[in-house]
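In: Have a look at this prediction, sequence included:
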Amino acid sequence: MSDFKSLPGFREFYPEALAQRRFLFQVWRQVAVRFGFREFDGPVLESLELFKAKSGDEIEGQLFSFEDKGGREVSLRPELTPTLARMVGAQANSLKKPIKWFNIGDNFRYERMQKGRLRCFTQLNADILGEAGPAAEVELISLLIQTLQGFGLGPDDFYIRLSDRNLWMLFLKSRGFEDAAPRILEVVDKWERMPEEAKAKRLIEIVGEDGSTALRKAIDGFLETKSVEDVLSTFASASVKSDLKVQIDARIQDWEYLTSGLEAMGLSQFAEMDMSIVRGLAYYTGFVFEAFDRAKVNRAIAGGGRYDSLVKKMGGPDMPAVGFGMGDVVLADVLAERGLQPKFVSTIDIFAVIGSDVERPIALSDINLLRQGGFSVDYSFKSQAFGKQLKVASSSGARFALIYGSDELEKDEVTIRDLANRNEETASRSRLLSLLREKLG
RNA sequence: GUGGCUGUAGCUCAGUUGGUUAGAGCAUCGGUUUGUGGUACCGAGGGUCGCGGGUUCAAAUCCCGUCAGCCACCCCA
């Protein structure tokens, strides 16, 4: 074993593993293009400030950051969104709206690795910018669903949890918790995992002893919300000021637009309203959603949401935005568990079997022509028995073996052997290329 | 960052209460086979038993440390 190991959390891809990896990318790219998204990319290394500005100092401990030789504080990107927001912001006026972009790229986090979590992972990011209404969410969530379907995953395998930070804010306002709302959402984010006493304690810290019981009841009640009808009844029971009422009604209309849009696409079975999703990061402003593995609780395959203020924060104009990310690590695990990761066999078109060093120059000449002609051709580097070479030919996955023996070359011919059915025919070397073009189409 | 479990060949694993030169299957390479391939047979290469220290006449085996991996927390863009 070598003393030079790869770094923790960084993977090596041998050809077979790389083939599987490229399969993921291929499906990602194919579906995104089908939805009219355009591929872009940004730098892998950015200034540390870019990520600190967006996510806050707390995140810094997980950044893969260091000082470069010019004394700059830099970081490998932990996510693509800040870069995207900056890029779009810089050319916002000249870009056609809505902007539908996607990226497949490596991201980095410096943290302890575990299942589904490495220090270098690849994410599909898909974002729509310049569309403030829920039509963008319909498009993005349907892209997310169709992508997962593209891998053979169905409604028994995953579902989308839909939530809404905006609706949470309106709800908390309507119950009189407006000022503490951001801090309350932080608690809601961890609600499922928190022990009872911890919940009570945190709520008292936030709103004090008096309000905490009512708040507790409100949160538990709102978490039960499973449909637009539930939302309606939640707010119907509350007496709220008229300007707030207008906002709530507008938001309910957005929800109706979103759910009916997904229904029209035939995707209702995949989507569930689940207000427990608020997503940790502060930059989400509206709808948030996650794709969950049905087989394992608490395993998110993808997640995203709306971040309407980020482009402006990155120095651009006001520009609404929504997007999601899907990592390759969890996805590959999910596919492997379900046997949906195809087995890739490398194949070539033609394997040349060369009788001896006498025939070799002629064979090499043909091999080069066939390769120039677009065929993938392989051959044995050293002289070996015919049987041995045919064995190699067969395990190479080639469709045809070309046999360059002394008998054939006397007549300036080669034997074309179909490796599947073992039929042979002879062909003159001058016709070889056109004949193989017919056979291999 | 915290805790638990696990490290023997490329892979999956044997290896007895500590006792000769650490094994098997698969894989790889070579041969049986300079004119015909999925089988078969024969053979070869491949290991500092994760690494370092300790106990012992003797350590893959027992002890300590360390590194790595897995799992659960924490966190999750």
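Out: The structure has been received and is ready for your questions.
In: count of residues packed around A:L215?
Out: By other C-beta atoms under 10 Å, 22 other residues sit near A:L215. Every residue, glycine included, has its C-beta placed from N, CA and C.
In: quick one: it and A:F177 touch, right?
Out: Yes - contact criterion C-beta atoms under 8 Å: A:L215 and A:F177 qualify, at 6.0 Å.
In: what stretches of the stretch 51-200 of chain A score poorly on pLDDT?
Out: For the stretch 51-200 of chain A, residues meeting the criterion pLDDT under 70 lie at A:54-59.
In: Spell out which residues of it are next to RNA strand B.
Out: Within reach of RNA strand B by C-beta under 7 Å from any atom of the strand, the stretch 51-200 of chain A has these residues: A:51, A:55, A:59, A:62-63, A:78-79, A:81, A:109, A:111-115, A:117, A:189-190, A:193.
In: Just the ones in helices from those residues, please.
Out: Residues from those lying in helices, with DSSP state H as the criterion: A:F51, A:S55, A:T81, A:D189, A:K190.
In: Which of those residues sits closest to A:E197?
Out: For those, the closest approach to A:E197 (C-beta to C-beta) belongs to A:K190, at 13.8 Å.
In: which parts of the longest helix belonging to chain A are buried?
Out: The longest helix of chain A (DSSP H) is helix A:196-223. Across helix A:196-223, burial judged by 16 or more other C-beta atoms under 10 Å covers A:199, A:202-204, A:206-207, A:211-212, A:215-216, A:218-219, A:222.
In: Next secondary structure after it?
Out: Counting by DSSP states H and E, the next helix or strand C-terminal to helix A:196-223 is helix A:228-236.
In: Next, the buried residues of that next one.
Out: By neighbour count with 16+ other C-beta under 10 Å, helix A:228-236 contains the buried residues A:V231, A:T234, A:F235.
In: my guess is the last one meets A:I248, correct?
Out: Yes - shown here, A:F235 and A:I248 form a contact pair, counting by C-beta under 8 Å, at 5.3 Å.
In: Give me the common contacts of the two.
Out: With contacts defined as C-beta atoms under 8 Å, 6 or more residues apart in numbering, the residues shared by A:F235 and A:I248 are A:S174.
In: Please report phi then psi for A:I160.
Out: phi -100, psi 120 (degrees, to the nearest 10).
In: ok, how many other residues are close to it?
Out: Applying the criterion other C-beta under 10 Å, we find 25 residues in the vicinity of A:I160.
In: before we move on, back to that, which one among the ones in helices among the residues of the stretch 51-200 of chain A next to RNA strand B gets closest to A:L172?
Out: A:D189 (13.9 Å).
In: ok, now which ones touch the nearest residue to the closest one once chain neighbours are set aside?
Out: Spatial nearest neighbour of A:D189, chain neighbours left out: A:V278 (4.8 Å); criterion: C-beta to C-beta, 6 or more residues apart in numbering. With contact taken as C-beta under 8 Å, 6+ apart, A:V278 is in contact with A:S163, A:R165, A:W168, A:L185, A:V188, A:D189, A:Y284, A:V288.
In: One more: A:K411?
Out: Shown in contact with A:K411 (C-beta under 8 Å, 6+ apart): A:T426, A:S428.
In: what angle do the longest helix of chain A and helix A:228-236 make?
Out: With axes from the mean of the first three to the mean of the last three C-alpha atoms, to 10 degrees applied, the angle from helix A:196-223 to helix A:228-236 works out at 100 degrees.
In: Off-centre distance for helix A:196-223?
Out: 36 Å (C-alpha atoms, centre = their mean, to the nearest Å).
In: tell me what that helix is packed against?
Out: Applying 3 or more C-beta pairs under 8 Å, 6 or more residues apart in numbering; DSSP states H and E, one finds that helix A:196-223 contacts helix A:165-174, helix A:181-190.
In: what about 7 Å?
Out: helix A:181-190 (3 or more C-beta pairs under 7 Å, 6 or more residues apart in numbering; DSSP states H and E).
In: Contacts for the helix it packs on next, please.
Out: Contacts to helix A:181-190, defined as C-beta atoms under 7 Å, 6 or more residues apart in numbering, come from residues A:R165, A:W168, A:M169, A:L172, A:F177, A:R202, A:L203, A:I206, A:I219, A:V278, A:G280.
In: Show me the two of these that sit farthest apart.
Out: A:F177 and A:G280 (19.8 Å).
In: between these two, who's got more neighbours?
Out: A:F177 (21 against 13).
In: Can you name the residue of the stretch 301-441 of chain A nearest to RNA strand B?
Out: Here the residue of the stretch 301-441 of chain A nearest RNA strand B is A:G405; by C-beta to the nearest atom of the strand that distance is 2.4 Å.
In: Run through the residues that contact that residue.
Out: Counted by C-beta under 7 Å, 6+ apart, A:G405 has contacts A:G355, A:E359.
In: can you rerun that using 10 Å?
Out: Shown in contact with A:G405 (C-beta atoms under 10 Å, 6 or more residues apart in numbering): A:V353, A:I354, A:G355, A:S356, A:V358, A:E359, A:F386, A:E413, A:V414, A:T415.
In: cool, A:E438 as well?
Out: By C-beta under 10 Å, 6+ apart, the residues touching A:E438 are A:R431.
In: ok, A:A132 - contacts?
Out: Neighbouring residues of A:A132 by C-beta under 10 Å, 6+ apart: A:P98, A:D254, A:G286, A:R306, A:D308, A:D318, A:M319, A:P320, A:A321, A:V322.
In: The same query, at a cut-off of 7 Å, please.
Out: With C-beta under 7 Å, 6+ apart, A:A132 has these contacts: A:P320.
In: Now it: phi and psi?
Out: With angles defined as degrees, to the nearest 10, A:A132 sits at phi -80, psi -20.
In: swap in A:L18?
Out: Dihedral angles (degrees, to the nearest 10) for A:L18: phi -70, psi -40.
In: what's the burial count for A:K313?
Out: Neighbours around A:K313, by other C-beta under 10 Å: 15.
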